[in-house]
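Q: Sharing a model prediction with you, sequence too.
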Amino acid sequence: MATGFIPYTRDVEVADPQFDQNLQTVIGKTERYIAESVESEGTGRAVRDAHAKGYGLVRGEVEILGGLPAEYAQGVYAAPGRHGALIRFSNGSPHAGADARLGAATGLALKIFDIDGPTLLEDEPDTRTFDYANINAPIFFCNTVEHYLFIQDLFLQAPAYFAEGRPGVHRFYRDFVTGKGTLDQEDWAWDEFLAFLRLSQLPKVNVLLSSYWTMGAVRHGDYIAKVRFAPDPASADAVVRRAMDIASAPEVFRPALVAELGERPYAFDIQVQLCTDLERMPVEDVTVEWPEKLSPFVTVAKLRIPQQDISGEDNLEKMDALSFTPWRVTAEHAPLGNIMRARKEVYRRSSVLRHKLNQQQREEPRSADELLP
């Protein structure tokens, strides 16, 4: 075992004694929002409570590279090979509507097929699929399920805050830092608020030009890691529609994605950053960016996207019916930390309710061929 990398042990996570109680409250709020979204979001259907608006469902292929150093050739990356894949590009907001209303936070959800071994989802262990649900930033704005209780409210109510102009913005900021008045002053959420401000200043670019990180840490076999999808440099250089003027039209991200993939293929590098210092690369504090000078990202696979037509409305319908969760993985890649652990049941319950309300069959595909030509 390499001496520079921190080995995974169960004690790298710190248990929160109020976790289960707070989680049930989060699930209740999430389910209420999803049920109400059928009318409130104006789409006539229930939407996700995050990443509600998708920009396209895309066919891909993951090539796991050979010749990797042993500490990176872990879990699903231990054996070279090619796997079919599906990709969902999305906006990070819990709301639907015009792009100008939603901001610059975006996501790349990846579903890889034909992966051996049971998943960590007890109700669907044998799907042979493996998911990532990544965001276009190396940090996140919430560290505990307790804080997520008020942060979730803030984001669901954000349009009402910002509709008031500067006074509403100031009230949003105050309520964020103070936990809507619930936090003692020494416990104000400054780190999370500063992470939110950083995320709010992300450049508005074509979704193909962003890098996408796991929101928190994950197991990487014997080690602890974060995983990033970084644009292949040659592919990124070829992109024509680069900066997005979100005020120019109600829809800007999807048309740019449709046009680019209709003209040329694309590729991302799937990269792993192994933890070398639990103080400076913490598991429980997702507001901290892991320094690359302590541990660089190493490419372990290529995500190749062929040239394709995703312009049809049926593409959006098929995308909407899919489910992605960071817990549809094998045990060697388990999400780590309390916030990542909360996502397991929140995502599952959210998906079950959304599919029920939309009268959609909730079933994992066995290949991209089931959905895309």
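A: Done, it's in.

Q: switch to C-alpha atoms for all contacts and neighbour counts from now on
A: OK.

Q: what bits of the chain have low per-residue confidence?
A: 1-3 (pLDDT under 70).

Q: Show me the domain layout of it.
A: Following automatic domain parsing, one gets these domains for the chain: 10-15+50-136+207-344+363-370, 138-201.

Q: Using CSV, list the CA coordinates for stretch 258-267.
A: Provided in CSV are the C-alpha atoms of stretch 258-267 (Å, rounded to 0.1, in the frame of the first residue of the first chain):
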residue,chain,number,x,y,z
VAL,A,258,-27.7,20.1,-29.1
ALA,A,259,-25.8,22.0,-31.7
GLU,A,260,-22.3,21.0,-30.5
LEU,A,261,-23.1,17.3,-30.2
GLY,A,262,-24.8,17.4,-33.6
GLU,A,263,-21.6,18.6,-35.2
ARG,A,264,-18.8,16.7,-33.5
PRO,A,265,-18.0,14.1,-30.8
TYR,A,266,-16.7,15.1,-27.4
ALA,A,267,-14.8,13.6,-24.5
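
Q: on that earlier part again, just the domains of the chain: most buried one?
A: Counting by mean count of other C-alpha atoms under 10 Å, domain 10-15+50-136+207-344+363-370 has the highest mean neighbour count of the domains of the chain, with a mean of 19.

Q: Now do it: distance to the chain's middle.
A: Its chain's C-alpha centre and that of domain 10-15+50-136+207-344+363-370 lie 7 Å apart, by C-alpha atoms, centre = their mean, to the nearest Å.

Q: Compute the first-to-last residue distance for that domain.
A: Chord length of domain 10-15+50-136+207-344+363-370, first to last residue, is 38 Å (C-alpha to C-alpha, to the nearest Å).

Q: Grab the nearest non-local neighbour of Asp116.
A: Once flanking residues are discounted, Asp116 sits nearest to Arg128: 5.9 Å by C-alpha to C-alpha, 6 or more residues apart in numbering.

Q: Format the domains of the chain as TSV; extra columns: distance to Glu31.
A: Listed next are these as TSV, based on distance: least, C-alpha to C-alpha, whole Å:
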stretch	distance to Glu31
domain 10-15+50-136+207-344+363-370	12
domain 138-201	12
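
Q: Of the ones you listed, give the one that comes closest to Gly44.
A: Across the domains of the chain, Gly44 has its closest neighbour in domain 10-15+50-136+207-344+363-370 (11.2 Å, C-alpha to C-alpha).

Q: one step back: what's the distance between the residue nearest to Asp116 and Glu364?
A: Separation of Arg128 from Glu364 (C-alpha to C-alpha): 9 Å.

Q: Same question for Ala259.
A: To Glu364, Ala259 is 28 Å away according to C-alpha to C-alpha.

Q: Reduced to three states, what does Ala225 come out as?
A: Following DSSP: H, G, I helix; E, B strand; the rest coil, Ala225 is assigned to strand.

Q: which ones are touching the nearest residue to it once chain neighbours are set aside?
A: Leaving out its chain neighbours, the residue that sits closest to Ala225 by C-alpha to C-alpha, 6+ apart is Leu274, at 4.4 Å. Taking C-alpha atoms under 8 Å, 6 or more residues apart in numbering, we find Leu274 in contact with Phe5, Ile6, His220, Tyr223, Ile224, Ala225, Lys226, Ser295, Pro296, Phe297.

Q: again with Leu149
A: Each residue near Leu149 by C-alpha under 8 Å, 6+ apart is listed here: Asn22, Thr25, Val26.

Q: so where's the longest helix in this protein?
A: Using DSSP state H to define each element, the chain has its longest helix at helix 19-40.

Q: What strands line up against whichever helix or strand comes after it, and which way round?
A: Beyond helix 19-40 on the C-terminal side, the first helix or strand identified by DSSP states H and E is strand 54-64. According to DSSP bridges, strand 54-64 has the following sheet partners: strand 81-91 (antiparallel), strand 298-305 (antiparallel).

Q: just the strands in the stretch 101-250 of the chain please.
A: Along the stretch 101-250 of the chain, counting by DSSP state E, counting those that start in this stretch, strands occupy 106-113, 129-135, 212-213, 218-220, 223-231.

Q: Can you lay out those strands as JSON lines showing distance to Val14?
A: As requested, the strands of the stretch 101-250 of the chain are arranged in JSON lines below (distance: least, C-alpha to C-alpha, whole Å):
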{"stretch": "strand 106-113", "distance to Val14": "27"}
{"stretch": "strand 129-135", "distance to Val14": "23"}
{"stretch": "strand 212-213", "distance to Val14": "22"}
{"stretch": "strand 218-220", "distance to Val14": "14"}
{"stretch": "strand 223-231", "distance to Val14": "15"}
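
Q: Many thanks, I have nothing further to ask.
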